[in-house]
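Colleague: From the sequence below, what's the structure:
(one chain, ligands or ions: 1)
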Amino acid sequence: MEHWDEGVYMKRANRAPGGPPLILSCGVHGDELAPVQVLQQLLTELQSRSLLPARPCLVIFANLLALEEKRRFLRHNMNRLFGAPHRVLGYEGERVVALEQHCRDFAEMYGPGWHLDLHATIKPSRHPHFALRPHCADPQGARQYDPRWPATLAQAGFTALVQQNAPAHTFAHFSSSQLGFASFTLECGDIAGSDSQAAAPLERLLRPLLSAADLPGGPERLQVYQVTLDLIKQHPDFRFLVDEQGENFTPFPAGTPIARDGDTTILAPDGGCALLFANSNVPVGDRAGLLLSVIS
Ligand SMILES: [Zn+2]
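Modeller: Here you go, the predicted structure:
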């Protein structure tokens, strides 16, 4: 095990060259602790060689200062800083620059692979475990994703996949767009839920990914959603007209007034929508929520 940086560990494949390299990151938000505990356990097993990885792995605990304080972030939401054109000062900005470089170094050593950025939601979800796949501007980028990924996620207990429609400065978008990785943001239960419930699907996903040469796949299916609208907060008085505290993925029929932003009322589009990550308490210019439509 190589210790590349505080909270950054690299383990070579048990037998070279091994399968596609894997980046596992957690703690981008310092209050999302269940996935952090899972990765700490797996790291311990990798260090003691009781778990022998079939592929090179880079294990990252991202926002260490926020994790110490069990806070979402100190000054800046780290998942809005990756690949951003303007660097921000302070710990989170500097940490993002360092983590991007570690990922570039890892990709240079082993080529493109897989990145799972592990999170937990602020509130409960109709799909407690779900994946977000970052937007890819390059149509060829679709080829990065092994078609067995959805079934691999489903067999572990993830029940939904959200395809994002626009670039974002998330860790998963960075590794996907700049390093050519097949990347997902994985939401593993909500932060108030029990850690063991949150951890079970994640363990079922990560152990075979680490120890097997290939993606397991399986017969299970996921519900697939597409983001149809990023609700970007334009005015300080942005507010939801539906229950902001409702569960993630709550559906609304076409024409439902969803939110009010300045003089504009945002309505559920034709075909209706499901609401994800509703949060009006973000700075102007940030995302206050996502409207989704069901694809399959
Ligand atoms: Zn998060």
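Colleague: Write out the residues of the stretch 1-150 of the chain neighbouring the ion.
Modeller: The stretch 1-150 of the chain comes close to the ion at residues 29, 32, 119, as judged by C-beta under 5 Å from the ion. All C-beta atoms are positioned from the backbone trio N, CA, C, and that covers glycine.
Colleague: Number of residues surrounding residue 109?
Modeller: 12 (other C-beta atoms under 10 Å).
Colleague: That one sits in which helix or strand?
Modeller: Using DSSP states H and E, residue 109 falls within helix 91-110.
Colleague: Verify the stated contact: residue 137 with residue 178.
Modeller: No - between residue 137 and residue 178 there is no contact under C-beta atoms under 8 Å: 11.5 Å.
Colleague: Looking at the two, which is more packed in?
Modeller: For residue 137 and residue 178, the more surrounded residue by other C-beta under 10 Å is residue 178, and the numbers stand at 14 against 8.
Colleague: could you say what helices and strands the helix or strand hosting the more buried one packs with?
Modeller: Per DSSP H and E, residue 178 falls inside helix 171-179. Here helix 171-179 touches helix 91-110, strand 114-121, strand 182-190, going by 3 or more C-beta pairs under 8 Å, 6 or more residues apart in numbering; DSSP states H and E.
Colleague: what's next to that helix, contact-wise?
Modeller: For helix 171-179, contacts defined as C-beta atoms under 8 Å, 6 or more residues apart in numbering pick out 23, 25, 28, 62, 78-79, 82-83, 99-100, 103-104, 107, 112, 115, 117, 132-138, 141, 144, 164, 167, 181-185.
Colleague: can I get the residues of the stretch 1-150 of the chain next to the ion in TSV with pLDDT, distance to residue 149 and neighbour count?
Modeller: Converted to TSV, these look like this (pLDDT from 0 to 100; distance: C-beta to C-beta, whole Å; neighbours: other C-beta atoms under 10 Å):
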residue	pLDDT	distance to residue 149	neighbour count
29	97	23	23
32	95	22	26
119	97	18	24
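Colleague: what are the ranges of the strands in the stretch 151-296 of the chain?
Modeller: Taking DSSP state E, counting those that start in this stretch to define them, one finds strands in the stretch 151-296 of the chain at 160-163, 182-190, 223-232, 239-240, 250-252, 257-261, 264-267, 273-276, 287-294.
Colleague: Next, format those strands as TSV and append mean pLDDT and mean neighbour count.
Modeller: Below are the strands of the stretch 151-296 of the chain laid out as TSV (pLDDT from 0 to 100; neighbours: other C-beta atoms under 10 Å):
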stretch	mean pLDDT	mean neighbour count
strand 160-163	97	23
strand 182-190	95	25
strand 223-232	95	18
strand 239-240	98	16
strand 250-252	97	15
strand 257-261	98	18
strand 264-267	97	14
strand 273-276	98	24
strand 287-294	96	21
